[in-house]
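[1] Have a look at this prediction, sequence included:
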Amino acid sequence: MTHRSVDVPVVARVEGEGALHIRIDDDVITRLELQIYEPPRFFEAFLRGRHFSEVPDIVPRICGICPVAYQMSAIHGLERLFEVEVPAGTRELRRLLYLGEWIESHMLHVHLLALPDYLGYDDAIQLVRAGFKDAVERGLRLKRLGNDLMAAIGGREIHPVSPRVGGFSKAVAARTLRAFQPRLEDALVEILEVADLVAPLEMPAFPRPAEMVALTHPNEYAINEGSMASTEGRAWSVDAYEDVTHEIQVAHSNALHSVFTDTETPYFLGPLARVVLNEQRLTPVAREAAARGGLGLPTLDPFASMAARVVEVALALEDSLRLIAAYEPPDPPSAAVRPRAGRATWATEAPRGTLYHRYDVANDGTILEAKIVPPTSQNLRHMEKDLGEFLPGVLDRSDAELTRLAEMVIRNYDPCISCATHFLRLDVERV
Amino acid sequence: MVRVIGCGNPDAGDDAAGLIVAEEIRARAPSGVEVVRARDPLRVLDLLDDVERAIVVDAMRSAPGARAPGTLVRIEVGPDGSPAELRSSLSSHGLGLAGSIGLAAAVGDLPPIVFHGVEAGAVAAGSEMSVAVRAALPALIDAVLADVV
């Protein structure tokens, strides 16, 4: 019997540190373990005993890329428990803030992470040197627009500081948001150019069966509220999240794996799942981006995820223009909040998929228990499933090529591994 | 204008060093100096195009055993991007400080950039700052201030 081991100690250009171990015996994969995720358990412990009003400042620290998602799942859940009626306009301003995060996160993924994969370069710097400077600059411009939008609404600190249980501590001025209109109009043209760039890229075909899951809403493309649905016809309210799905321990990872409780099967979250489940809610330019980006709907192929991100940015830009045109600052910026004891649950759509929070709260507003289930942790088991189904078809490739393909399979999920640390590694001694 | 950019994670032990230093510089820097704190080093990409000079402060990790925790490093970044020392990075989305500065150089002209680093020890989520890095902070602040003025 011959065996071959492929270890990918750090999955390049995936957030944080990660490892994938594959063992191949006689051309059959006998072991496949993905260890790439650090769950936010420290924060769950850190939240216990805190006052509810501190939560919007604590949870965004979990992730440097999607702080708004963490704030929104927490704030909405607590407001529902406390039966807060937020001031008119709050809902729209929160959606706009979240759209900024989608734009930033998706454009980062498409231009700095995925495009180098598909065009065959190690990173975006090589991409620039190879003649794709305009494309990368355009991507950075779009990413920055999302970032600037977030900063205008949330404040220019290391994470947004204005969102509060009850509304916003300070509502951005209408003229500040209107100043974004020309940039958003330009970006709406540019995102279709990005779709044109993505369309002809050669993708591995991998139309495997998968049960996709996302929030849905009767009137809009669901982000901040809705109920859960799957492509296999399941439908459930967010209250039932921990009944319909649950987390299981696996030996090789310190992260939990999420599965459906009844079938023990994994599920697939993220932009592609959202686009498939909410196709009817796509805006006109988003539809055009899908057509020009070569995204035929519905699809089960995870390699369509990059095009789905482009489609969602088109939607986000168009929706941002609509929201900004109608914007009046909420006045007052926030409503009074009176805590009460009970359980708060909520889910929103983070850039990477559904982010579920649950808080058990005491009468005085103290957090007794916090549970945070991020999209990457829920997607982990499906990532392993995809690797197990995709890699057998390419085992004849070299280790280097196998590694590259494995990374591309993982990258479809845009996993957010370790939001806990970031480091600069210095390799040469010279002071 | 001179911009001081402190990078780091406030909840990961020594990784908070860049943020703490930035706060201190904000309190002590002369006018004409802007201080920004960034969680994600990718933000540095957006912070380089309208300044005369930039000073970036971050915790760092050398090859195992190469530097003791608390060791300070000062590196001038060349106009063509990151020097060899800033080779790779484990930072957010794998495109950390080195990648961000390198990419900024690839798409446009860089201002003069000085990097100030402190070798990290404890970096686990929720950990306290190590004694060595805490002890090194006053010297790091002085070193950054010397470049600011």
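    That came through fine. On a predicted model such as this, the values are computed, not experimentally measured, just so you know.
[2] Now do the strands in chain A.
    Counting by DSSP state E, chain A has strands at residues A:3-8, A:19-25, A:28-35, A:163-164, A:167-168, A:213-216, A:227-230, A:235-236, A:245-248, A:257-260, A:342-350, A:353-361, A:367-373, A:424-426.
[3] Please work out which residues outside the fourth one touch it.
    Judged by CB atoms under 8 Å, 6 or more residues apart in numbering or on different chains, the contacts made with strand A:163-164 from elsewhere in the structure are A:Ser53, A:Pro56, A:Val68, A:Gln71, A:Met72, A:Ile75, A:Arg94, A:Leu97, A:Gly154, A:Ser169, A:Ser334. Placement of C-beta: from N, CA and C, glycine included.
[4] before we move on, back to that, I'd like the strands of chain A laid out as CSV, including mean pLDDT.
    CSV is the format used below for these (pLDDT from 0 to 100):
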stretch, mean pLDDT
strand A:3-8, 59
strand A:19-25, 80
strand A:28-35, 82
strand A:163-164, 98
strand A:167-168, 98
strand A:213-216, 98
strand A:227-230, 98
strand A:235-236, 98
strand A:245-248, 93
strand A:257-260, 94
strand A:342-350, 98
strand A:353-361, 98
strand A:367-373, 96
strand A:424-426, 37
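[5] A:Pro339: what's it in contact with?
    Contacts for A:Pro339 (CB under 8 Å, 6+ apart) come out as A:Phe52, A:Phe82, A:Val361, A:Asn363, A:Asp364, A:Gly365.
[6] Skipping adjacent residues, who's closest to it in space?
    A:Gly365 (3.2 Å; CB to CB, 6 or more residues apart in numbering or on different chains).
[7] Check the gap between that neighbour and A:Gly342 for me.
    From A:Gly365 across to A:Gly342, the span is 11 Å (CB to CB, to the nearest Å).
[8] Mind checking which of these two has more residues around it?
    A:Gly365 (20 against 14; other CB atoms under 10 Å in any protein chain shown).
[9] distance of the more buried one from chain B?
    Separation of A:Gly365 from chain B (CB to the nearest CB, to the nearest Å) stands at 23 Å.
[10] is it true that that residue touches A:Ser53?
    Yes - if you go by CB atoms under 8 Å, A:Gly365 and A:Ser53 touch, sitting 7.1 Å apart.
[11] what about residue 103, neighbour count?
    All of this is about chain A. When neighbours are defined as other CB under 10 Å, A:Ile103 has 31 of them.
[12] Can you look at chain B instead?
    Applying other CB under 10 Å, I find that B:Leu103 has 25 neighbouring residues.
[13] that older thread, okay if I get the contacts of strand A:163-164 as a markdown table plus pLDDT?
    Listed next are the contacts of strand A:163-164 as a markdown table, based on pLDDT from 0 to 100:
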| residue | pLDDT |
| --- | --- |
| A:Ser53 | 98 |
| A:Pro56 | 97 |
| A:Val68 | 97 |
| A:Gln71 | 98 |
| A:Met72 | 98 |
| A:Ile75 | 98 |
| A:Arg94 | 98 |
| A:Leu97 | 98 |
| A:Gly154 | 96 |
| A:Ser169 | 97 |
| A:Ser334 | 98 |
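[14] what's the closest of those to A:Ser320?
    A:Leu97 (10.1 Å; CB to CB).
[15] Not counting its neighbours along the chain, what's nearest the closest one?
    A:Ile153 (4.5 Å).
[16] Where in chain B is the helix or strand with the lowest mean pLDDT?
    Here the helix or strand of chain B ranked lowest by mean pLDDT, DSSP states H and E is strand B:88-89, holding a mean of 40.
[17] And for the helix ranked longest in chain B, what's in contact with it?
    For chain B, the helix with the greatest residue count under DSSP state H is helix B:131-148. With contact meaning CB under 8 Å, 6+ apart, helix B:131-148 is reached by B:2, B:4, B:13-14, B:17, B:20-21, B:24-25, B:28-30, B:33, B:55, B:57, B:59, B:68-72, B:74, B:114, B:116, B:118-122.
[18] picking up where we left off before, need the buried ones from the contacts of A:Pro339 selected in ChimeraX.
    With 16 or more other CB atoms under 10 Å in any protein chain shown as the criterion, this ChimeraX line picks the buried residues out of the contacts of A:Pro339:
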select /A:52,82,361,365
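[19] closest to A:Asp122 among the contacts of A:Pro339?
    Using CB to CB, A:Phe52 is the member of those that lies nearest A:Asp122, at 45.6 Å.
[20] pLDDT value on the closest one, please?
    Reported pLDDT at A:Phe52 in the predicted model: 98.
[21] What does the pLDDT read for the nearest residue to it once chain neighbours are set aside?
    Leaving aside its sequence neighbours, A:Phe52 sits nearest to A:Gly365 (CB to CB, 6+ apart; 4.3 Å). You'll see A:Gly365 listed with a pLDDT of 98.
[22] and if you look at A:Pro207?
    A:Pro207 carries a pLDDT score of 87 in this model.
[23] repeat for B:Asp50
    Reported pLDDT at B:Asp50 in the predicted model: 88.
[24] which SSE is it in?
    Following DSSP states H and E, there is no helix or strand that holds B:Asp50.
[25] Tell me how many other residues surround it.
    Using other CB under 10 Å, B:Asp50 has 10 neighbouring residues.
[26] and the contacts of helix B:131-148 near chain A, which?
    Counting by CB under 8 Å from any CB of the partner chain, B:Ala59, B:Thr71, B:Arg74, B:Ala120 from the contacts of helix B:131-148 sit close to chain A.
[27] Am I right that the third one is in contact with B:His116?
    Spelled out, it's B:Arg74. Yes - B:Arg74 is within contact range of B:His116, at 5.6 Å (criterion: CB under 8 Å).
[28] Comparing the two, which residue is more hemmed in?
    Neighbour totals were compared for B:Arg74 and B:His116, and B:His116 leads with 24 against 15 (other CB under 10 Å).
[29] Where does pLDDT dip in the chain?
    Defaulting to chain A. By pLDDT under 70, the low-scoring segments of chain A are A:1-18, A:36-37, A:417-431.
[30] The intended chain is chain B.
    Those would be B:82-95, if you go by pLDDT under 70 across chain B.
[31] Which strand or helix spans the spatially most central residue of it?
    Nearest to the mean C-alpha position of chain B, by CA atoms, centre = their mean, lies B:Val57 at 2.2 Å. B:Val57 is part of strand B:53-62, with elements assigned from DSSP H and E.
[32] Return the list of strands paired to the following helix or strand past that strand, each annotated with direction.
    With elements assigned by DSSP H and E, the helix or strand that comes after strand B:53-62 is strand B:72-77. Here strand B:72-77 has these sheet partners by DSSP bridges: strand B:113-119 (antiparallel).
[33] Now the partner strand: buried residues?
    B:Ile113, B:Val114, B:Phe115, B:His116, B:Gly117, B:Val118, B:Glu119.
[34] Can I get that strand as PDB, trimmed to CA atoms?
    Output of strand B:113-119 as PDB, limited to C-alpha atoms (Å, rounded to 0.1, in the frame of the first residue of the first chain):
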ATOM      1  CA  ILE B 113       7.000  55.000   5.900                       C
ATOM      2  CA  VAL B 114       8.800  54.000   9.100                       C
ATOM      3  CA  PHE B 115       7.700  50.800  10.800                       C
ATOM      4  CA  HIS B 116       8.100  50.400  14.500                       C
ATOM      5  CA  GLY B 117       7.600  46.900  15.900                       C
ATOM      6  CA  VAL B 118       7.800  45.200  19.200                       C
ATOM      7  CA  GLU B 119       8.300  41.400  19.400                       C
END
